[in-house]
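Trainee: quick one: sequence plus predicted model below, questions after.
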Amino acid sequence: MSRLHFAIALGALVGGMLPQEALAVAAPGMPVAGAMSWWVWPVALFVVCFALGIVAVPAGVGGGVLFVPIVSGFFPFHLDFVRGAGLLVALASALAAGPPLLRGGLASLRLALPLALLASASSIVGALAGLALPASTVQVALGLAILGIVAIMAAAKRSEYPEVKAADRLSIALRMHGVFEDRGGRQVTWQAHRSPAGLAIFLGIGVLAGMFGLGAGWANLPALNLVMGVPLKVSAGSSSFILSLVDSSAAWVYINQGAVLPMVAVPSVIGMMLGARIGARLLGVLSATVVRRLVLALLVLAGLRALLKGLGAWN
Amino acid sequence: MSRTGAVDPVQARYASWLEWGTRAGFLLLVAGFAAYTTGFVPAHVPVDRLPSLWGLPATEFLAQTGIGIGWGWLGLVRGGDMMNLVGIALLASCSLPCLAAVAPLFHARGDRIHAWICALEIAVILLAASGLLAIGH
């Protein structure tokens, strides 16, 4: 996102969401809100998303996985709208990251397209199921999913250059191999293995992404890196690219079901993208370990909140 | 930042198209939201009514606001709130031209599998976008 985009986005937010009485020129016919003005929650949402965007980058997680449990737990919006906005947050981030990753060879189209195809088809199923189920059921499942994600994130190890002794037949047929230039100009060749298992995992990832609107970088990365043996940098880049296709399909289901409310989605997207810019600049300043622990603690709290809210124990 | 020396032309084409689509979608989204929240374009659902509606399930929200399921919002696009959905729809669709642009390149280099995968991915997104799958609670 350019400086121009940054300025425009900030201006739209500041100018747009402030109360009408605070603006020099109030539009005719525009209602002025009462005691609890309508703009309080969208402004709070923008601020929270801005903060989440800042911590998401150093913590190495996508914004969507933080957004849905936290906003559904502590804001008054229905879970349908939160999931719709969560998908758009993840989609916008993935779309913005896509071009440089593709040009740099850190996202591989040949690797990502087959996986994205399966995951985007299954994300439609997940989205339809999630919107058809009662909100309390989805809330309980979301809480369990978030606590499971915390366990995966805390336990999963990463391998910068996994050893792949031999590519399997399917990955050879799908040409899941490539070269990227690493630090110091070193050319690193890579290939994938266990592609049938990887494809099956991405089917499941798509369902989860569509059902909970979480984005799925938390699952894509270990599936590519640890299961399929793709180098860490190519896994991270391709994971982001896969999200751009998976979330497109799921987002359309949410749009068509009326589960995308601009007053919830747009401040979230803009806040998260602006926060991520700050987060990227703070990468060298903040301790990644400390931020990661903070994010995991936040996720545990949000997961428990979702679980207890779904069970009717904490409303 | 690691990067390859020579950019794969297929990846380069996808990246260019994606960059323009994302830029257009994002600008439209921000401009639409500014027009909506400042009241420059009157909303279909007045903003001060939203706090009583955003806690409802999506299907109930649609019923109470008279917005049709599927592409029903397009008929109300003159409203500032519905106008925002154009930017959102553009972001959710901007992978389609990218896929359509690289499929012939894959085909030309003899990679028919990936050309077909591009075509199938387009079909999946179009199916999701069609509204044919819209269901209620």
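Mentor: Received it, and whenever you're ready, just let me know what you need. Numbers count the residues shown, from 1 in each chain, chains lettered A, B, ... in the order given.
Trainee: what is the neighbour count of residue B:108?
Mentor: 10 (other Cβ atoms under 10 Å in any protein chain shown). In this view, the C-beta of every residue, glycine as well, is placed from N, C-alpha and C.
Trainee: report whether the helix ranked longest in chain B contacts chain A.
Mentor: Using DSSP state H, we find that the single longest helix of chain B is helix B:9-37. Yes - interface with chain A: helix B:9-37 contributes B:10-12, B:14-16, B:18-19, B:21-23, B:25-27, B:29-34, B:36-37 (Cβ under 8 Å from any Cβ of the partner chain).
Trainee: residue A:192 and residue A:178 touch, don't they?
Mentor: No - counting by Cβ atoms under 8 Å, residue A:192 stays clear of residue A:178, with 9.5 Å between them.
Trainee: more crowded one of the two?
Mentor: Neighbour count, other Cβ under 10 Å: between residue A:192 and residue A:178, residue A:192 has more, with 29 against 22.
Trainee: so who does that one touch?
Mentor: A:111, A:164, A:167-168, A:171, A:176-177, A:198, A:228-230 (Cβ atoms under 8 Å, 6 or more residues apart in numbering or on different chains).
Trainee: if we go to 6 Å?
Mentor: A:171, A:176, A:228-230 (Cβ atoms under 6 Å, 6 or more residues apart in numbering or on different chains).
Trainee: for it, which non-adjacent residue is closest in space?
Mentor: What sits nearest to residue A:192 in space, not counting adjacent residues and going by Cβ to Cβ, 6 or more residues apart in numbering or on different chains, is residue A:176, at 4.0 Å.
Trainee: now the terminal residues of stretch A:177-192, how far apart.
Mentor: Stretch A:177-192 has an end-to-end distance of 6 Å (Cα to Cα, to the nearest Å).
Trainee: now it: average pLDDT?
Mentor: Computed over stretch A:177-192, the mean pLDDT rounds to 86.
Trainee: report the buried residues of it.
Mentor: A:177-182, A:188, A:190-192 (16 or more other Cβ atoms under 10 Å in any protein chain shown).
Trainee: residues touching the nearest residue to residue A:163 once chain neighbours are set aside, list them.
Mentor: Excluding the flanking residues, the one nearest residue A:163 by Cβ to Cβ, 6+ apart is residue A:229, at 7.3 Å. Residue A:229 sits next to A:162, A:164, A:192-193 when contact means Cβ under 6 Å, 6+ apart.
Trainee: how about TSV for those, with secondary structure added?
Mentor: Shown next, in TSV, are the contacts of residue A:229 (DSSP: H, G, I helix; E, B strand; the rest coil):
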residue	secondary structure
A:162	coil
A:164	coil
A:192	coil
A:193	coil
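Trainee: most surrounded residue in the residues you listed?
Mentor: Most surrounded of those: other Cβ under 10 Å gives residue A:192, at 29 neighbours.
Trainee: tell me, how many residues neighbour the residue lying closest to residue A:76 once chain neighbours are set aside?
Mentor: Nearest non-adjacent residue to residue A:76, counting by Cβ to Cβ, 6+ apart: residue B:55, 5.4 Å away. Neighbour count for residue B:55, taken as other Cβ under 10 Å: 15.
Trainee: pretty sure residue B:55 is in a helix, no?
Mentor: No - counting by three-state DSSP, residue B:55 is not found in a helix; it is coil.
Trainee: quick one, phi/psi of it?
Mentor: The phi and psi torsions at residue B:55 (degrees, to the nearest 10) take the values phi -90, psi 0.
Trainee: what distance do you get for it to residue A:235?
Mentor: The gap separating residue B:55 from residue A:235 is 39 Å, by Cβ to Cβ, to the nearest Å.
Trainee: if we can go back for a sec, just say helix, strand or coil for the residue nearest to residue A:163.
Mentor: Applying three-state DSSP: residue A:229 is coil.
Trainee: quick one: the helices in the stretch 201-315 of chain A, in order.
Mentor: A:217-222, A:232-256, A:262-281, A:288-310 (DSSP state H, counting those that start in this stretch).
Trainee: helices or strands next to the third one in the packing?
Mentor: Packing contacts for helix A:262-281, counted by 3 or more Cβ pairs under 6 Å, 6 or more residues apart in numbering or on different chains; DSSP states H and E, involve helix A:40-59, helix A:79-103.
Trainee: stretch B:71-79 spans what distance, first to last residue?
Mentor: Terminal-residue distance, stretch B:71-79 (Cα to Cα): 15 Å.
Trainee: ah, wrong one, I meant stretch A:68-88
Mentor: So stretch A:68-88: terminal residues 11 Å apart, Cα to Cα.
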